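Asks: I would like the atomic coordinates for the input below:
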Amino acid sequence: MEAIRIENLSKYYGKARGIEQINLSVAEGEFFGFIGPNGAGKSTTIRTLLGLVSPTGGHAAVLGFDIVKEKEKILARTGYLPSEAMFHSGMRVRDVLKLSADLRKKDCRDVAAGLCERLQLDTGRKVDELSFGNRKKVAIVCALQHEPQLLILDEPTSGLDPLMQKAFFEILRERNKKGATVFLSSHILSEIQRNCNRAAIIRAGRIIACDSVEALSQTNARRVNIHGCAELEGLAGIRDRKEAEGVVSFLYNGEMKALLQVLAAGDVTDLSVSEPDLEEIFMHFYEK
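Replies: Residues are numbered from 1 along each chain as shown. Modelled structure (predicted):
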């Protein structure tokens with residue numbers, strides 16, 4: 001069964017575009033990445049899938065349930081982590097976690113205690129006193145403590161320090177190995193590249209690419225760094241050129257023979273050619 005199936009899903013806020021004609025499929029058990037900068041439509045897609053906003057057009061199902069007619073069933077089986085977490089003022093962390101568990105009619109104390117220990121979260125503090133990062137930890141425990149089938153995470157690591165990010169992704173990988181589906185929305189491409197099997201790229205409310213992370217990373221372009229000087233003007237296939245401290249760096253997708261001829265005629269003291277990282281490829285998709 002598909003954990004998420006989206007068919008021509010659209011959402012408009014009046015005349016303003018949210019998302020347009022999105023088609024996407026995520027299999028059960030996948031660790032799936034959803035990539036795009038702020039304003040691309042990531043959060044709108046997620047909120048529509050969870051029934052928090054109503055679609056303007058199209059259809060979608062989550063865990064086999066219709067997002068309009070059966071959203072209560074979806075929410076019961078899903079752990080959702082919003083990009084910004086808000087809690088009732090005056091409550092202590094332990095009270096927030098108990099309220100979240102009670103709403104799901106489930107005893108989550110043992111799982112919550114383990115998560116709090118790994119994330120170094122003090123359950124005796126009031127949520128009003130917490131930093132942004134610690135509020136995010138509370139939201140993480142609320143999303144994970146009932147051990148849902150599907151985790152939908154919207155920019156989950158903002159506010160977390162590197163050690164907590166590491167602990168967080170270790171927890172996600174453990175859940176994924178046990179069969180949970182992870183849908184990770186992020187603009188931090190290294191998170192996607194390290195953790196996801198497949199990913200979709202969204203731009204201006206539309207999916208512009210969807211494939212395995214490995215396939216998305218494959219390109220004919222190469223990152224070239226040269227020390228010294230060479231006459232590169234007029235050489236086709238160069239983009240994203242940068243120059244600093246005697247090093248010229250650029251992406252090159254032209255003929256390698258032509259590049260080598262130009263470099264041989266110049267005064268090049270060192271050369272490196274490597275595959276571009278996912279961030280550079282992501283920008284390539286956005287520029288096309």
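
Asks: ok, S25 - how many residues close by?
Replies: Neighbour count for S25, taken as other C-beta atoms under 10 Å: 15. For the C-beta atoms, the positions are set from N, CA and C on the backbone; glycine is no exception.

Asks: paired strands for the strand or helix carrying it, with orientation please.
Replies: S25 belongs to strand 16-27 when assigned by DSSP states H and E. Applying DSSP bridges, strand 16-27 is found paired with strand 2-13 (antiparallel).

Asks: just give the nearest non-adjacent residue to P37, would you?
Replies: Using C-beta to C-beta, 6 or more residues apart in numbering and skipping the chain neighbours, the partner closest in space to P37 is H187 (5.2 Å).

Asks: check the gap between that neighbour and I201 for me.
Replies: Between H187 and I201 the computed distance is 11 Å (C-beta to C-beta, to the nearest Å).

Asks: please point out which parts of the longest helix seen in the chain sit buried.
Replies: Taking DSSP state H as the criterion, the chain has its longest helix at helix 162-177. Buried positions in helix 162-177, judged by neighbour count with 16 or more other C-beta atoms under 10 Å: 164-165, 167-169, 171-172, 175-176.

Asks: please apply the same query to stretch 52-62.
Replies: Buried residues in stretch 52-62, counted by 16+ other C-beta under 10 Å: 55, 58, 60-62.

Asks: N23 touches E7, doesn't it?
Replies: Yes: with contact defined as C-beta atoms under 8 Å, N23 counts as touching E7 (5.9 Å).

Asks: and the pLDDT for A209?
Replies: Confidence at A209, expressed as pLDDT, is 87.

Asks: can you check the one 4 residues further on too?
Replies: pLDDT, the model's per-residue confidence, is 86 for V213.

Asks: now do E245
Replies: E245 carries a pLDDT value of 80.

Asks: also V224?
Replies: V224 carries a pLDDT value of 87.

Asks: A strand includes it, no?
Replies: Yes: under DSSP: H, G, I helix; E, B strand; the rest coil, V224 sits within a strand.

Asks: pull the contacting residues for it.
Replies: Contact analysis of V224 by C-beta atoms under 8 Å, 6 or more residues apart in numbering lists 249-252, 259, 271-273.

Asks: what separates it from Y252, distance-wise?
Replies: Per C-beta to C-beta, V224 is found 5 Å from Y252.

Asks: so for these two, which residues contact both of them?
Replies: Jointly contacting V224 and Y252 under the rule C-beta under 8 Å, 6+ apart are L259.

Asks: hey, C-alpha coordinates of the longest helix of the chain in PDB?
Replies: Only the C-alpha atoms of helix 162-177 are listed here, as PDB (Å, rounded to 0.1, in the frame of the first residue of the first chain):
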ATOM      1  CA  PRO A 162      24.200  19.500  15.800                       C
ATOM      2  CA  LEU A 163      24.300  16.900  18.600                       C
ATOM      3  CA  MET A 164      20.500  16.900  18.900                       C
ATOM      4  CA  GLN A 165      20.100  16.700  15.100                       C
ATOM      5  CA  LYS A 166      22.300  13.600  15.200                       C
ATOM      6  CA  ALA A 167      20.200  12.000  17.900                       C
ATOM      7  CA  PHE A 168      17.000  13.000  16.200                       C
ATOM      8  CA  PHE A 169      18.000  11.300  12.900                       C
ATOM      9  CA  GLU A 170      19.200   8.200  14.700                       C
ATOM     10  CA  ILE A 171      15.700   7.900  16.200                       C
ATOM     11  CA  LEU A 172      14.100   8.400  12.800                       C
ATOM     12  CA  ARG A 173      16.200   5.800  11.200                       C
ATOM     13  CA  GLU A 174      15.300   3.300  14.000                       C
ATOM     14  CA  ARG A 175      11.600   4.000  13.400                       C
ATOM     15  CA  ASN A 176      12.000   3.600   9.700                       C
ATOM     16  CA  LYS A 177      13.800   0.200  10.100                       C
END
